[in-house]
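Q: quick one, what's the 3D model for this:
(one chain, ligands or ions: 1)
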Amino acid sequence: MLSRKQTPSVASNQQCDTYAWFSQRAWVEIDLKALSHNVQQLVKYLSPRTQLMAVVKADAYGHGAVTVAQTALQSGASWLGVATVPEGIQLREAGIEAPILILGATHTPEQIHAIAHWKLQPTLCSPKQALIFSNVLEAINYGSPVPIHIKLDTGMSRLGTDWQQAAEFVQLVQRLPHLAIASIYSHLATADSLDPRVMQEQHRRFEEAIAQLKGMGIKIPCLHLANSAATLTDSALHYDIVRVGLAVYGLYPAAHLQTAIDLKPVLQLNARVTQVKTIAVGTGVSYGHQFIAPHELRLAVVGIGYADGVPRNLSQNMQVLIRGQRVPQIGTITMDQLMLDASAIPDLQEGEIVTLLGEQGKEQISANDWAERLNTISWEILCGFKHRLPRVAVM
Ligand SMILES: *Cc1c(COP(=O)(O)O)cnc(C)c1O
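A: Numbers count the residues shown, from 1 in each chain. Predicted coordinates for the structure are as follows:
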């Protein structure tokens, strides 16, 4: 399908000529219209008191952090979430001024200096970390207080102070110079599950911790708990901010959450046919000859492989789209190339576009489809595309 003919811009930080992608053998297409649609749908779905944080960690789940962040902010998101300090700096260097929360833990003086310098907002997970922050900021005699976010562990058993120690932790941070509590938050472990019980217990613990703080007269400026799944599950989990990753990229965290709002996948994975040939019955294909032609067939070679992020474990267990038709992949997927049985398209030409993930005509292959075949989750599929693939933004 050559339907998207708009002039593309290269949406990665690679120093690529705008038209370089025309010569590319394979690329990731980022549909900014779909991205904008998803963000608008989410904002519309939230009550006016709740702000949307677009989670753009891991290079925006492989979509290209700067372009995604800019588009999300233009479409109604007001916060950005990243995992690391360099991810935050990348956004600031691109001129983005929105508040940026670092969801991961930071400890070293270098990280803390960068947070202060670039006006990033760190997560504080323990009293020890809070003391380090305060000491480092004291040592450089940092002027205005740094907004920090208190992380409570309510049952994820990842980052955060145990929820039962929330009051002590908050009181300690309040006494420390150079730190200002901007929010208190927690993270849910099972929001995408059909069984709500663990999520409900985490919600109850979060509420109990907050009630205790309120009882002590502690003012809490802002609360947040929900990821994509929780956002689509229950508005009681929305609080002041929802931290949405996957849904911004147009994927549903679970099949049972598809009814809440209309989302469109943002990422499309394309490559080109690099050679077409006929092979005789009995001919072995690719490393290990895992495929032996059961009859004469039209073999197409495609310029994409596992070094681009097409998992080798999908070998002989995936299809691609060509001219709106499903075409089976055959033989082992190699580092830079894979093969197809393109017998259904006898006049297939070298240079034609193959869609590995995305839409052509009435057919669609989603990251969820790959995830199911690989016994993993769509998040991992999206984050798996390597930087050898240029990110091409289309409007
Ligand atoms: C990654 C992350 C999110 C976003 O999760 P999605 O399921 O992709 O919406 C939210 N909060 C935290 C703390 C995260 O690490």
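
Q: same for the top strand by length along the chain, what does it pack against?
A: For the chain, the strand that runs over the most residues, judged by DSSP state E, is strand 267-279. Contacts defined by 3 or more C-beta pairs under 8 Å, 6 or more residues apart in numbering; DSSP states H and E place strand 267-279 against strand 26-31, strand 297-302, strand 353-360. Yep, even glycine has a C-beta here, placed from its N, CA and C like the rest.

Q: how about these in a markdown table, adding distance to E168?
A: A markdown table is the format used below for the helices and strands packed on strand 267-279 (distance: least, C-beta to C-beta, whole Å):
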| stretch | distance to E168 |
| --- | --- |
| strand 26-31 | 45 |
| strand 297-302 | 58 |
| strand 353-360 | 48 |
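
Q: out of those, which comes closest to K386?
A: The closest of the helices and strands packed on strand 267-279 to K386 is strand 26-31. By C-beta to C-beta, the value is 9.7 Å.

Q: average pLDDT for the closest one, rounded please.
A: Mean pLDDT, strand 26-31: 95.

Q: other SSEs contacting it?
A: Strand 26-31 packs on strand 267-279, strand 391-394, going by 3+ C-beta pairs under 8 Å, 6+ apart.

Q: how about the last one as PDB, C-alpha atoms only?
A: When you say that, I think you mean strand 391-394. The C-alpha trace of strand 391-394 is given here as PDB (Å, rounded to 0.1, in the frame of the first residue of the first chain):
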ATOM      1  CA  ARG A 391      11.400   6.400  12.500                       C
ATOM      2  CA  VAL A 392       9.400   8.200   9.800                       C
ATOM      3  CA  ALA A 393       6.600  10.500  10.900                       C
ATOM      4  CA  VAL A 394       3.600  10.700   8.700                       C
END
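
Q: how far out from the middle of the chain is it?
A: Distance of strand 391-394 from the chain centroid (C-alpha atoms, centre = their mean, to the nearest Å) equals 16 Å.

Q: tell me the strands beside it, with direction?
A: strand 9-10 (antiparallel), strand 26-31 (parallel) (DSSP bridges).

Q: now the residue nearest in space to the middle of the chain. Its backbone dihedrals?
A: The centre of the chain sits closest to Y61, judged by C-alpha atoms, centre = their mean, with a distance of 2.7 Å. Phi and psi for Y61, reported as degrees, to the nearest 10, are phi 50, psi 40.

Q: let me know whether it touches L246 as I believe.
A: Yes: contact status for Y61 versus L246: in contact at 7.2 Å, counting by C-beta atoms under 8 Å.

Q: least confident secondary structure element in this structure?
A: Of all helical and strand segments in the chain, the minimum by mean pLDDT, DSSP states H and E falls on strand 9-10, at a mean of 44.

Q: now V68, nearest residue through space, not along the chain?
A: A60 (3.7 Å; C-beta to C-beta, 6 or more residues apart in numbering).

Q: now the one you found: how far from S378?
A: 14 Å (C-beta to C-beta, to the nearest Å).

Q: quick one, which of these two is more surrounded?
A: Set A60 next to S378 and count neighbours by other C-beta atoms under 10 Å: A60 wins out with 32 against 21.

Q: am I right that the more buried one sits in a helix?
A: Yes: under DSSP: H, G, I helix; E, B strand; the rest coil, A60 sits within a helix.

Q: OK, contacts around it?
A: T67, V68, A69, Y249 (C-beta atoms under 8 Å, 6 or more residues apart in numbering).

Q: got those as a markdown table, with neighbour count, secondary structure and distance to I279 columns?
A: Below are the contacts of A60 laid out as a markdown table (neighbours: other C-beta atoms under 10 Å; DSSP: H, G, I helix; E, B strand; the rest coil; distance: C-beta to C-beta, whole Å):
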| residue | neighbour count | secondary structure | distance to I279 |
| --- | --- | --- | --- |
| T67 | 22 | helix | 41 |
| V68 | 30 | helix | 42 |
| A69 | 22 | helix | 47 |
| Y249 | 29 | helix | 38 |
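
Q: for the residues you listed, which one is nearest the ligand?
A: Y249 (8.0 Å; C-beta to the nearest ligand atom).

Q: contact partners for the closest one?
A: By C-beta under 8 Å, 6+ apart, the neighbours of Y249 are L35, N38, A60, Y61, H63, P265, V266, L267, L382.

Q: can you do 10 Å?
A: The contact partners of Y249, taken as C-beta atoms under 10 Å, 6 or more residues apart in numbering, are 30, 34-35, 38, 54-56, 60-63, 68, 228, 263-267, 367, 378-379, 382.

Q: repeat that for H149.
A: The contact partners of H149, by C-beta under 10 Å, 6+ apart, come to 101-103, 121-125, 181-185, 222, 224, 241.

Q: cool, and T161?
A: Per C-beta under 10 Å, 6+ apart, neighbours of T161: 124-127, 129-130, 150-153, 168-170, 172, 209.

Q: what's the answer for M335, then?
A: By C-beta under 10 Å, 6+ apart, the residues touching M335 are Y287, G305, Y306, A307, D308, R312.

Q: how about the third one, phi and psi?
A: Dihedral angles phi and psi of Y306 (degrees, to the nearest 10) take the values phi -70, psi -20.
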